[in-house]
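Asks: Let me see the structure of the following:
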Amino acid sequence: MQRLFFHNIHDKYSTELKNQLDSNIFIFDVYGKHRDSEILKMFNISTLPYLIDKQIIYASSTLTYEVGTFILEFSCCDYQENILVDEDGVFSLNIDGKFYDVVPENGIIQVEIECLITKDINIKIYRNNYYPFEINIEVVDTT
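Replies: Predicted coordinates for the structure are as follows:
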């Protein structure tokens, strides 16, 4: 995972932080050369400076589930895919346009879904300093 730092070249604090970063962090000059970058459009950044150095990882290998009730697990990870067991902040969970607040336990977000019809379910998870996460789950009826 590429860590990203969104930087305001005109802000002293932002510049001080930028100068302390590892060389392997990609720096976006929001008001300069990266002003029109497509990457900026992916993120809803309301304050600068802003570091994205965490990610959500889907813990299962399957994207297809049987009609009924099932549990999905998502891991809160650092940029090296280590689970952040002490992560206890509130995440915004969007399931097919309905929003929920969830708090991980030991770095794991568990979501119980009851779906009694065949359909695709879109799931998005947001939190500051995390890459945006989105996945589609297919619910099938094999009877």
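
Asks: List phi and psi for the spatially closest residue to residue 4 that is not a sequence neighbour.
Replies: Closest residue in space to residue 4, ignoring its immediate chain neighbours: residue 52 at 4.4 Å, by Cβ to Cβ, 6 or more residues apart in numbering. (Each C-beta comes from the backbone N, C-alpha and C, glycine too.) When read as degrees, to the nearest 10, the backbone of residue 52 gives phi -110, psi 110.

Asks: Tell me where this protein has helices.
Replies: In the chain, the helices defined using DSSP state H lie at 12-20, 38-42.

Asks: quick one: residue 23 and residue 40, what's the gap?
Replies: From residue 23 over to residue 40 the distance is 22 Å, taken as Cβ to Cβ, to the nearest Å.

Asks: who's more crowded, these two?
Replies: Under the neighbour definition other Cβ atoms under 10 Å, residue 23 and residue 40 were set side by side, and residue 40 has more, 14 against 5.

Asks: Isn't the more buried one up against residue 31?
Replies: No. At 10.6 Å, residue 40 does not count as touching residue 31 under the criterion of Cβ atoms under 8 Å.
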